[in-house]
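Participant: Here you go, sequence then predicted model.
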Amino acid sequence: MAGQVRSFAAGGQTQDLRPCGQDAADAIGAMKRLMDERLSLMTEVARQKWNTKGAIEDLLREKEIVDGLKVEAAELGLSEVWAERFFRAQIEAGKVIQRECFVNWGQAGVDQFGNALDLARVIRPRLDQINSQLLRVLVLGWPVLADPTQCSHVAATTESLLAVHGELVATLAVVALREVETS
């Protein structure tokens with residue numbers, strides 16, 4: 001990445017993504033909040049899938065999402081391989097939450113949720129927005145993430161924050177943060 005942070009705007013022009021006053025540490029804080037928000041939406045995803053008897057795992061959709069994020073990562077100058085690991089980890093962590101919900105609701109005899117958010121019109125667009133925002137803050141936070149003296153601290157503090165979603169979920173979500181490529 002060589003310190004270059006860019007985005008391709010319409011017409012192929014590049015623009016600097018660094019907002020005034022935002023540094024790598026601010027980006028890491030934003031990354032943590034976005035990861036938490038993404039995981040917090042998984043119960044709503046599960047409610048909609050429960051109501052429609054939908055499958056938790058949709059490998060084709062997951063591949064489409066990750067492939068699109070890899071393209072966006074490359075455009076931003078972020079390693080496609082690392083971005084794929086990061087987002088696959090987020091997806092796996094989300095599926096753990098959904099499976100836990102299904103088990104709990106099955107044991108409780110839950111039939112339907114009358115107030116479930118619409119997956120296609122409400123939840124997925126928000127997840128897409130979070131994913132794009134995550135890519136941008138990952139780029140901005142890369143100097144911290146790629147620093148071997150800081151990345152394990154970032155992973156540990158992120159895991160601690162995400163533990164509210166469960167220990168396994170938190171551990172899965174930070175896997176890629178522990179495996180940052182410094183090349």
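Facilitator: It's in. No experiment lies behind these values; they were computed from the predicted model shown.
Participant: What is the helix or strand containing Leu172 packed up against?
Facilitator: Counting by DSSP states H and E, the element that carries Leu172 is helix 167-173. Contacts defined by 3 or more Cβ pairs under 8 Å, 6 or more residues apart in numbering; DSSP states H and E place helix 167-173 against helix 24-40, helix 80-108, helix 151-162. Yep, even glycine has a C-beta here, placed from its N, CA and C like the rest.
Participant: and the angle from whichever helix or strand comes after the second one to helix 80-108?
Facilitator: Using DSSP H and E, the helix or strand that directly follows helix 80-108 along the chain is helix 124-145. If you take axes from the mean of the first three to the mean of the last three Cα atoms, to 10 degrees, helix 124-145 sits at 130 degrees to helix 80-108.
Participant: between helix 124-145 and helix 24-40, how many degrees?
Facilitator: 150 degrees.
Participant: Could you tell me the angle between helix 124-145 and helix 151-162?
Facilitator: Here helix 124-145 points in a direction 150 degrees away from that of helix 151-162 (the same axes, to 10 degrees).
Participant: Wait, Ser132 touches Glu75, no?
Facilitator: No - taking contacts as Cβ atoms under 8 Å, Ser132 lies outside contact range of Glu75: 11.1 Å.
Participant: quick one on the thing from earlier: could I get the helices and strands packed on helix 167-173 as a markdown table with mean pLDDT, distance to Leu145 and mean neighbour count?
Facilitator: Converted to a markdown table, the helices and strands packed on helix 167-173 look like this (pLDDT from 0 to 100; distance: least, Cβ to Cβ, whole Å; neighbours: other Cβ atoms under 10 Å):
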| stretch | mean pLDDT | distance to Leu145 | mean neighbour count |
| --- | --- | --- | --- |
| helix 24-40 | 96 | 7 | 19 |
| helix 80-108 | 98 | 9 | 18 |
| helix 151-162 | 94 | 6 | 17 |
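Participant: how about CSV for those helices, with distance to Gly141 added?
Facilitator: Shown next, in CSV, are those (distance: least, Cβ to Cβ, whole Å):
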stretch, distance to Gly141
helix 24-40, 4
helix 80-108, 12
helix 151-162, 8
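Participant: from what I can see Glu37 touches Ile130, true?
Facilitator: Yes - Glu37 is within contact range of Ile130, at 6.0 Å (criterion: Cβ under 8 Å).
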